[in-house]
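Undergrad: predicted model and sequence follow; I will ask about them next.
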Amino acid sequence: MNDAQLISRVIAGDRLAGRELYDAHAPRVYSLVFRLSGDEEKARELTQDTFIRAFSRLTQFRGDAALSTWLHRIAVTVVSNARRKEIRFKREVSLEEAGSVASHGVEADPDLKESIDRAIENLSEAYRTTLVMHDVEGYTHAEIAEVLGVPEGTCKSRLSAARAQLREALAPFKE
């Protein structure tokens, strides 16, 4: 059964069709969300949030793009919103904690993997999403452009800028 038939059945209230749709798309959505969030538990939660949002809006799916593209766009939005909430929460530091945070200097970390993770984390959201989707998940520029709703050239320039920033951040490891 194809996605269009499953969508029609889900909209009609068929829970088994919903499960089939979920099973067909969840692994790839989870993989993308995991790569963007970097945490297995968070990725499972955000994958669920993605499908909850998608199923609640399934009647709005027009079919202009593949269902997977629509789901990945929702997933990127869900991750983006979660990251914004996280950042907002981290900024809210009590006055007692503010003194101790300010007194600790940045420590150099010789572990390359951790430095790479940190460098990717420090990229802007647009650069990080493009880099992860292209270099880690293997999406094409056309697929990324469709998911993010930007021109293909924008994806290419974002990827180039993200790689340049990573090269600069990881320059100390270059021999």
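TA: Okay, I see it. Numbering: from 1, shown residues only.
Undergrad: and the longest helix for this structure?
TA: For the chain, the helix that runs over the most residues, judged by DSSP state H, is helix 67-91.
Undergrad: what are the buried residues along that one?
TA: Buried positions in helix 67-91, judged by neighbour count with 16 or more other CB atoms under 10 Å: 67, 70-76, 78-79, 82-83. Every C-beta, even on glycine, is put in place using the N, C-alpha and C of the backbone.
Undergrad: for stretch 21-39, output the C-alpha coordinates as PDB.
TA: Taking C-alpha atoms only, stretch 21-39 is exported to PDB below (Å, rounded to 0.1, in the frame of the first residue of the first chain):
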ATOM      1  CA  LEU A  21       2.800   4.800   8.000                       C
ATOM      2  CA  TYR A  22       4.800   5.300  11.200                       C
ATOM      3  CA  ASP A  23       6.800   2.100  10.800                       C
ATOM      4  CA  ALA A  24       7.600   3.000   7.200                       C
ATOM      5  CA  HIS A  25       9.000   6.500   8.000                       C
ATOM      6  CA  ALA A  26      10.100   6.400  11.600                       C
ATOM      7  CA  PRO A  27      13.700   5.000  11.100                       C
ATOM      8  CA  ARG A  28      14.700   7.700   8.700                       C
ATOM      9  CA  VAL A  29      13.100  10.500  10.800                       C
ATOM     10  CA  TYR A  30      14.800   9.100  13.900                       C
ATOM     11  CA  SER A  31      18.100   9.100  12.200                       C
ATOM     12  CA  LEU A  32      17.800  12.700  11.100                       C
ATOM     13  CA  VAL A  33      16.500  13.800  14.600                       C
ATOM     14  CA  PHE A  34      19.300  11.900  16.300                       C
ATOM     15  CA  ARG A  35      22.000  13.500  14.200                       C
ATOM     16  CA  LEU A  36      20.500  17.000  14.800                       C
ATOM     17  CA  SER A  37      20.000  16.500  18.500                       C
ATOM     18  CA  GLY A  38      23.000  14.300  19.400                       C
ATOM     19  CA  ASP A  39      21.100  12.400  22.100                       C
END
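Undergrad: what is the most widely separated pair among the buried residues of helix 67-91?
TA: Based on CB to CB, the longest span within these runs between Leu67 and Arg83 and measures 24.5 Å.
Undergrad: show me where this structure has helices.
TA: With DSSP H as the criterion, the chain has helices spanning 3-11, 15-37, 40-56, 67-91, 95-103, 112-121, 125-131, 141-148, 152-169.
Undergrad: could I get these in TSV, plus columns for mean pLDDT?
TA: What follows is those, written out as TSV (pLDDT from 0 to 100):
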stretch	mean pLDDT
helix 3-11	92
helix 15-37	94
helix 40-56	95
helix 67-91	83
helix 95-103	45
helix 112-121	84
helix 125-131	91
helix 141-148	90
helix 152-169	93
